[in-house]
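S.K.: based on what follows, work out the 3D shape:
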Amino acid sequence: MRAIIFIILALVHQVSAQTSGLVAWSPATTISESGLSVPTDSPHISMSADGTKAIAVWSIQLDSHFIIQSAVATISGGSANWGDVTNLTASGANADLPKVAISSDGSAAVAIWRRGHIQTRTATIFGDEATWGSVTDLTSGALTVLKRL
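M.R.: Residues are numbered from 1 along each chain as shown. Purely as a prediction, here's the structure:
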């Protein structure tokens, strides 16, 4: 199976893909609302070992606070079909440092971020959509781990 490489452009959350061995990149695809304020170190992406799923998380300014958003892609034939964007946090307090991991078969994911303290959510993935569980608060000691990811 050929590997697929993704690049996320932080300012407008566009994704471009390249199948290894090819020279050309696919056109960039916008997966979140453009024109909103986005920290340049925000986007994080993870891809399943079987190469069929990818998941991205990022922080974006909505109203006066930064929230965490996510989208899932189904990958086939060297192109990614991105599902709808999901807000993982609500507005009302800033959230940053999002990270995400996906299972080897692309059927589950976990996202983690900082929102005053460390929070996480797990998801079950079907197609290009994720069903996210409730937010779990972790201890403040997890911040050191999050900054290293």
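S.K.: can you pull out the strands in this protein?
M.R.: Secondary structure of the chain (DSSP state E): strands at 4-9, 14-19, 29-30, 44-47, 53-62, 65-76, 79-82, 86-87, 96-102, 108-115, 117-126, 129-132, 136-137.
S.K.: mean neighbour count and mean pLDDT for those strands - can I get that in JSON lines?
M.R.: In this view, the C-beta of every residue, glycine as well, is placed from N, C-alpha and C. As requested, the strands of the chain are exported to JSON lines (neighbours: other C-beta atoms under 10 Å; pLDDT from 0 to 100):
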{"stretch": "strand 4-9", "mean neighbour count": "16", "mean pLDDT": "42"}
{"stretch": "strand 14-19", "mean neighbour count": "18", "mean pLDDT": "53"}
{"stretch": "strand 29-30", "mean neighbour count": "14", "mean pLDDT": "78"}
{"stretch": "strand 44-47", "mean neighbour count": "19", "mean pLDDT": "92"}
{"stretch": "strand 53-62", "mean neighbour count": "23", "mean pLDDT": "90"}
{"stretch": "strand 65-76", "mean neighbour count": "22", "mean pLDDT": "92"}
{"stretch": "strand 79-82", "mean neighbour count": "17", "mean pLDDT": "87"}
{"stretch": "strand 86-87", "mean neighbour count": "16", "mean pLDDT": "94"}
{"stretch": "strand 96-102", "mean neighbour count": "20", "mean pLDDT": "93"}
{"stretch": "strand 108-115", "mean neighbour count": "22", "mean pLDDT": "92"}
{"stretch": "strand 117-126", "mean neighbour count": "17", "mean pLDDT": "89"}
{"stretch": "strand 129-132", "mean neighbour count": "16", "mean pLDDT": "91"}
{"stretch": "strand 136-137", "mean neighbour count": "12", "mean pLDDT": "87"}
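S.K.: quick one: contacts for the closest residue to Leu62 other than its chain neighbours?
M.R.: Spatially, and ignoring its direct neighbours in sequence, Leu62 is nearest to Ser91 (5.4 Å; C-beta to C-beta, 6 or more residues apart in numbering). Contacts for Ser91 were tallied using C-beta atoms under 8 Å, 6 or more residues apart in numbering; they are Leu62, Asp63, Ser64, His65, Ile67.
S.K.: repeat that with 10 Å
M.R.: Applying C-beta atoms under 10 Å, 6 or more residues apart in numbering, we find Ser91 in contact with Gln61, Leu62, Asp63, Ser64, His65, Phe66, Ile67.
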